[in-house]
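>>> 3D, please:
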Amino acid sequence: MKKLLTTISAFFVCLFNHAQTNNLILEKWEATPTLHTLDGKYAGESAVILMDKRRIEYIDENQELFTYRTLHRIVHINNDNGIEAFNRAYLPVADNKDIVSIKARTILPGGKIIEVSSENIKDLKEDGQMYKIFAMEGLVKGCEVEFYYTYKRNTNYFGRENIQGAFPILEAKVEIVCPARLVYDLRTYNTSSRPSDTLIDQKRFVSFIVKNIAGVEEEKYSAFEVNLVRCEYKLSYNLARSKNEKLFTWDEFAKRAHSRYTTCTEKELKKTDDFVNDLKLNKLTSDLEKIVAAENYLKKNILAREDIDGEDGENIEKIIKSKLASYNGIVKLYGAIFRNLGINHEYVLAADRQKLIIERNFENWSNCDKPVIFFPGLKKYLAPTEMEFRFPWINPNWGNASAIYCKSTTISNFTTAFAEIKSVPLEDYALSSINTDAEIELNNSADTLLINIKQIYSGYAASTYKSIFTFSSPEDQKQIIKEMIKFGTKSENVVSSKLENQDFENYHNNKPFVLSATVKASELVETAGNKIIIKIGDIIGPQVEMYQEKPRQFPMEIDFPHILERKIKFTIPAGYIVKNPDDLKIDHVYKENGQVTMGFVSSYKLEGNILTVAILEEYRKSNYPLTQYEDFRKIINAAADFNKVSIVLEKK
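Now for the predicted structure:
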């Protein structure tokens, strides 16, 4: 929805009062700085951020509203790792001409100050982003680094600041400064600190301060970004226009999104009609068939890219001709096709729940950047911009969280939309599986396992593999097959292999992606005297282990609920018995209100000379609270423990 944000009329914000205060606040540092004394509890930290100060200031200039961003930071360096982390600064800016000020210095333990000269501040452009880079000179243990800069950037009435990071912060402050007529709402997350709103000399200051923020590291199975101490802000009122009319509501957002996706010229509608007829979509019987056929064609033949700008990227005639579309343009084309076919649908704008959230009472439009199409009659979803997914499978990180549903309504001959905030549910956990079926036996010389193995992926789990074997080169595919087989056998001695259902055309009915292989694996057999050791646990492949010295900081998050079912059938050679079959038994299950929400259970049965091992690992939710960490960890580690299990064969 970036295009929506850039087309907002200045009328909402640029009705001026007679008195204007447009002098920019200029950042300063102390003329004679002294080193700070730290609490002993920080002695083990590589570095400590003493001050992190951010200011976003809106200034009236020539009947327009401009934005200036300031960052001022002071960092105490404790050791070599701290020196390495802060010996070079990368400061993102919009453009050289928009730099207002930039200063940096090192304060050494003896009191000496080394200021970075302007000649040593260089430019770097990387992935379309301009940076100012410079080296901090003379860094030693116990020194402090200080820098600040202010630059002008494009005005946006929504924003966020992620504050927490790898190093502890003693004090952080975020400040929104704007003309008094503008009222910004500022929302804080993962902290008890709350903002204040103050008027001083025709300027409004909306700010919050938070102290003693712990340094954090990314943890396994966690939504890192969304759990950080951060703030978001949005413009809510322009008092010069109205004291009661709230700006940028969800209903206004839904109205604008619906209009952008549904407004078509007569030529575009005619082109859509021709397109539908050429593909014979209207000849198909059910809505499901039409949706699947349309999506498969568009995703195979038209490239949608986020970086495409300009009117051509949103014009249906040009899209069909050039086979190239912007994200807004491809959503518009899908909608035109479904309206032509009479398929009831709704536009939904979601967020990546690993990074952002959508809240009913805080209308941050910039969080709603993941377009989805919902079909009320089928109660299923389609992700038009995601090449790796097909109806009804969308990017799972866009689900299990609130989203904006654009509910259309017609008044006389005018159709518009209003917003409904509700969750985008994910498909049932049992439909997404990562399964293994293996039949194994020893060769005649008892030094190699003969393995017939199938790796089976369905639901959300199939997306990665269908993408690989659709979009990658034949050479890459061969290498990936080799690595996948080695994952469950440790062997590269592949006798044969076969793929099934690797294309996207049958994804809608959840036909699983299957890799079958016959392998000879001497790597899974050892001998110890008269005993033969079979590394049967390796059949499930290496598993994640969760052992950490520091206390867990964040709740647990997985991409999607799923099951992992493994069946291993081992033929015991004549004259041998399995000495330790009970080593195959593991049972860790967690229940809420009597219902299993996660678990790992492995068992076995012996029938004649056939040992059959059954393993069921399941995660029926996508997130688990921090209070369940120990149980979650035990279940994750149970899989890793099974991977290490070997069975011992002894002669009868």
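>>> element containing residue 292?
Using DSSP states H and E, residue 292 sits within helix 287-301.
>>> That helix - contacts with which helices or strands?
In this structure, helix 287-301 packs against helix 327-340, with contacts taken as 3 or more C-beta pairs under 8 Å, 6 or more residues apart in numbering; DSSP states H and E. Quick note: C-beta positions are derived from backbone N, CA and C, even for glycine.
>>> pLDDT of the following helix or strand past the helix it packs on, averaged?
Using DSSP H and E, the helix or strand that directly follows helix 327-340 along the chain is strand 346-350. Strand 346-350 carries an average pLDDT of 98.
>>> now the angle from strand 346-350 to helix 327-340?
Per axes from the mean of the first three to the mean of the last three C-alpha atoms, to 10 degrees, the angle that strand 346-350 makes with helix 327-340 is 150 degrees.
>>> Tell me how far strand 346-350 lies from the chain's centre.
The chain centre lies 18 Å from the centre of strand 346-350; the measure is C-alpha atoms, centre = their mean, to the nearest Å.
>>> Just checking: what are the partner strands of it?
Paired neighbours of strand 346-350 in the sheet (DSSP bridges): strand 370-375 (antiparallel), strand 402-411 (antiparallel).
>>> So which bits of the last one are buried?
The reference is to strand 402-411. Buried residues in strand 402-411, defined by neighbour count with 16 or more other C-beta atoms under 10 Å: 402, 403, 404, 405, 406, 407.
>>> Any idea what the fifth one is bridged to?
Going back to what we said before, that points to residue 406. Following DSSP bridges, residue 406 is listed with bridge partners residue 347, residue 419.
>>> Can you tell me how far it is from residue 252?
Distance, residue 406 to residue 252, by C-beta to C-beta, to the nearest Å: 11 Å.
>>> Contacts made by the helix or strand just after the helix holding residue 292 with the rest, please.
Downstream of helix 287-301, the next assigned helix or strand under DSSP H and E is strand 303-305. The contact list for strand 303-305 (C-beta atoms under 8 Å, 6 or more residues apart in numbering) reads 323, 324, 325, 326, 327, 329, 330, 384, 385, 387.
>>> Go again with 10 Å.
By C-beta atoms under 10 Å, 6 or more residues apart in numbering, the residues outside strand 303-305 that reach it are 298, 313, 319, 322-331, 333-334, 384-387.
>>> Emit the PyMOL select command for whichever of those are buried.
Only the buried entries of the contacts of strand 303-305 go into this PyMOL selection, using 16+ other C-beta under 10 Å:
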select buried, resi 298+313+319+324+325+326+327+328+329+330+331+333+334+384+385+386+387
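>>> Quick check: the closest residue to residue 561 other than its chain neighbours vs residue 564, distance?
Once flanking residues are discounted, residue 561 sits nearest to residue 429: 3.4 Å by C-beta to C-beta, 6 or more residues apart in numbering. For residue 429, the distance to residue 564 (C-beta to C-beta) stands at 11 Å.
>>> Touching both of these two, which residues are there?
618, 619.
>>> picking up where we left off before, wait, the residue nearest to residue 561 touches residue 599, no?
No. Taking contacts as C-beta atoms under 10 Å, residue 429 lies outside contact range of residue 599: 12.0 Å.
>>> so where's the stretch 1-150 of the chain shaky on pLDDT?
Residue ranges of the stretch 1-150 of the chain with pLDDT under 70: 1-22, 95-96.
>>> all helices in it, in order from the N-terminus.
2-6, 80-86 (DSSP state H, counting those that start in this stretch).
>>> helix or strand for the closest residue to residue 581 other than its chain neighbours, which one?
Once flanking residues are discounted, residue 581 sits nearest to residue 604: 5.6 Å by C-beta to C-beta, 6+ apart. In this structure, residue 604 sits in strand 595-607 according to DSSP H and E.
>>> Tell me which helix or strand comes right after that strand.
strand 610-619.
>>> Which of the residues in that next one are classified as buried?
611, 613, 615, 616, 617, 618, 619.
>>> out of those, which one sits closest to residue 558?
Lowest distance from residue 558 to these (C-beta to C-beta) belongs to residue 619, with 5.7 Å.
>>> For residue 431, see how far away that closest one is.
For residue 619, the distance to residue 431 - C-beta to C-beta - is 13 Å.
>>> now do residue 195
43 Å.
>>> Overlap of the contact sets of residue 406 and residue 252?
The overlap between the contact sets of residue 406 and residue 252 (C-beta under 10 Å, 6+ apart) consists of 418, 419.
>>> do you know which of the strands paired with strand 346-350 lies nearest residue 652?
strand 370-375 (61.4 Å).
>>> mind putting the buried residues of strand 402-411 in a markdown table, pLDDT and distance to residue 149 included?
Shown next, in a markdown table, are the buried residues of strand 402-411 (pLDDT from 0 to 100; distance: C-beta to C-beta, whole Å):
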| residue | pLDDT | distance to residue 149 |
| --- | --- | --- |
| 402 | 97 | 36 |
| 403 | 98 | 36 |
| 404 | 98 | 35 |
| 405 | 98 | 41 |
| 406 | 97 | 40 |
| 407 | 95 | 45 |
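>>> Among these, pick out the one closest to residue 156, please.
Ranked by distance to residue 156 (C-beta to C-beta), the buried residues of strand 402-411 are led by residue 404 at 18.4 Å.
>>> who's in contact with the residue lying closest to that closest one once chain neighbours are set aside?
Excluding the flanking residues, the one nearest residue 404 by C-beta to C-beta, 6+ apart is residue 349, at 4.5 Å. If you count contacts by C-beta under 10 Å, 6+ apart, residue 349 has them with 1, 4, 250, 253-254, 257, 331, 358, 365, 367-372, 398, 403-406, 419.
>>> from those residues, which would you call buried?
Counted by 16+ other C-beta under 10 Å, these give 1, 4, 250, 253-254, 257, 331, 358, 365, 367-372, 398, 403-406, 419 as buried.
>>> Residue nearest the middle of the protein, spatially speaking?
Nearest to the mean C-alpha position of the chain, by C-alpha atoms, centre = their mean, lies residue 354 at 4.8 Å.
>>> give me every residue that touches it.
Residue 354 touches 222, 223, 224, 225, 226, 227, 397, 398, 401, 557, 559, counting by C-beta under 10 Å, 6+ apart.
>>> which SSE is it in?
Using DSSP H and E, residue 354 falls outside every helix and strand.
>>> For the nearest residue to residue 395 once chain neighbours are set aside, which residues are in contact?
Computed as C-beta to C-beta, 6+ apart, the closest residue to residue 395 that is not its neighbour in sequence is residue 386, at 5.3 Å. Residues counted as contacts of residue 386 (C-beta under 10 Å, 6+ apart) are 299, 304, 370, 371, 372, 393, 394, 395, 398, 463, 467.
>>> ok, now residue 74?
29-30, 33, 36, 48-53, 107, 144-148, 170-171.
>>> now with 7 Å?
50, 51, 144, 146 (C-beta atoms under 7 Å, 6 or more residues apart in numbering).
>>> gap between it and residue 43?
Counting by C-beta to C-beta - residue 74 and residue 43 are separated by 18 Å.
>>> Give me the sheet partners of the strand holding residue 604 and which way each runs.
Strand 595-607 is paired, per DSSP bridges, with strand 586-592 (antiparallel), strand 610-619 (antiparallel).
>>> which one of those strands lies closest to residue 441?
With C-beta to C-beta as the criterion, residue 441 lies closest to strand 610-619 of those, at 9.9 Å.
>>> contacts for the closest one?
So strand 610-619 is contacted by 536, 540, 558, 561-572, 578, 581, 584, 598-605, 639, 642 (C-beta under 7 Å, 6+ apart).
>>> And whichever helix or strand comes after it, what does it pack against?
The first helix or strand that comes after strand 610-619 along the chain, using DSSP H and E, is strand 623-624. Where contact means 3 or more C-beta pairs under 7 Å, 6 or more residues apart in numbering; DSSP states H and E, strand 623-624 is packed against strand 556-557.
>>> List the first helix or strand encountered after the strand it packs on toward the C-terminus.
Next helix or strand after strand 556-557 toward the C-terminus (DSSP H and E): strand 562-571.
>>> Okay, the residue nearest to the centre of the chain and residue 379: tell me how far apart.
25 Å.
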